[in-house]
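Trainee: Need a 3D model of the sequence below.
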Amino acid sequence: MELYEILGYAGALIIGLVLGLIGGGGSILTVPILVYALSLNPIIATAYSLFVVGITSLIGAIKNMSKGLVDFKTAIIFAIPAFIAVYLTRAFLIPALPEELLEINNFTLTKNLAIMLFFAIIMLVASFSMIRNKKGENDKDGPVSYNYPLIVVEGIVVGAITGIVGAGGGFLIIPALVLLAKLPMKKAVATSLLIIAIKSLTGFLGDVQNLDINWPFLLTFSGLSIVGIFIGIWLNKFIDGKKLKKAFGWFVLLMGIYIIYKELAAQGF
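Mentor: Here you go, the predicted model:
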């Protein structure tokens, strides 16, 4: 086993560790680890990421269900447009995209390059969401109300983004649950994990019909991530996850910039 492969599997453990410590964000590392450490094609990497994100989020959702923090009605209302969008994106949109999307002078925008650049942009947006200090977040129970038109639009957008980049999109879902369904923050975080699990695993089903899945590798990688979650949950008793969140946000920001640099440098920029 080569060094990069060892680092890749160690990265799977770190993904779960981050999820366990700060309750989200770790899945944004999955695609870079699969692409750069384990040398997977971006299309395969985003597909595998959906499975890893789905399984790890499901573990977290089950844990939150036992605490009574998951609002099932809200999860279903948000998940329906999201999982339809993510399934259609993975099953039909991604396979339909040509290998070369655009050519300007000597620059060719390939499908793989476009996916990695779009993913890097999503990383930058996610990092800002983690870095900024949010004040005045509601954490009190009150009447839940739904803005159905905006929920449908938000679900479609988040589902499509998840389908393209293979990340959970919790940084988009949680604010939507707070603003569009008036959920308190703790319930929004817990409910988002169930939504992420449903739409990620649904998106992965769209890939099963188009890709050859290396199940031994995928299950091993996912298993390590799940082990990392339980370690992170245990460490959470001793470490304040909220303080780590901002530091991790800066790390994600640097990773996003690095991906943009690396991909464009490979094209001769």
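
Trainee: Give me the helices and strands touching the top helix by length along the chain, please.
Mentor: If you go by DSSP state H, the chain has its longest helix at helix 241-266. Under the contact criterion of 3 or more C-beta pairs under 8 Å, 6 or more residues apart in numbering; DSSP states H and E, helix 241-266 touches helix 3-22, helix 111-131. Just so you know, the C-beta spots here come from the backbone N, C-alpha and C atoms, and that holds for glycine as well.

Trainee: Nearest to L201, out of those helices?
Mentor: Set against L201 and scored by C-beta to C-beta, the helices and strands packed on helix 241-266 come closest in helix 3-22, at 15.8 Å.

Trainee: And the closest one, what does it pack against?
Mentor: Counting contacts by 3+ C-beta pairs under 8 Å, 6+ apart, helix 3-22 is packed against helix 42-65, helix 215-235, helix 241-266.

Trainee: just the angle between it and helix 215-235, please?
Mentor: Angular relation of helix 3-22 and helix 215-235 on a 0 to 180 degree scale: 40 degrees, by axes from the mean of the first three to the mean of the last three C-alpha atoms, to 10 degrees.

Trainee: could you check the angle helix 42-65 makes with helix 3-22?
Mentor: Orientation of helix 3-22 against helix 42-65 (the same axes, to 10 degrees) gives an angle of 30 degrees.

Trainee: State the next helix or strand along the chain beyond helix 3-22.
Mentor: Using DSSP states H and E, the helix or strand that follows helix 3-22 in sequence is helix 30-32.

Trainee: most distant residue from the middle of the protein?
Mentor: No residue in the chain sits farther from the centre than N105, which is 34.4 Å out by C-alpha atoms, centre = their mean.

Trainee: what's the weakest-modelled helix or strand in the chain?
Mentor: Within the chain, no helix or strand scores below helix 170-180, which has a mean of 77 by mean pLDDT, DSSP states H and E.
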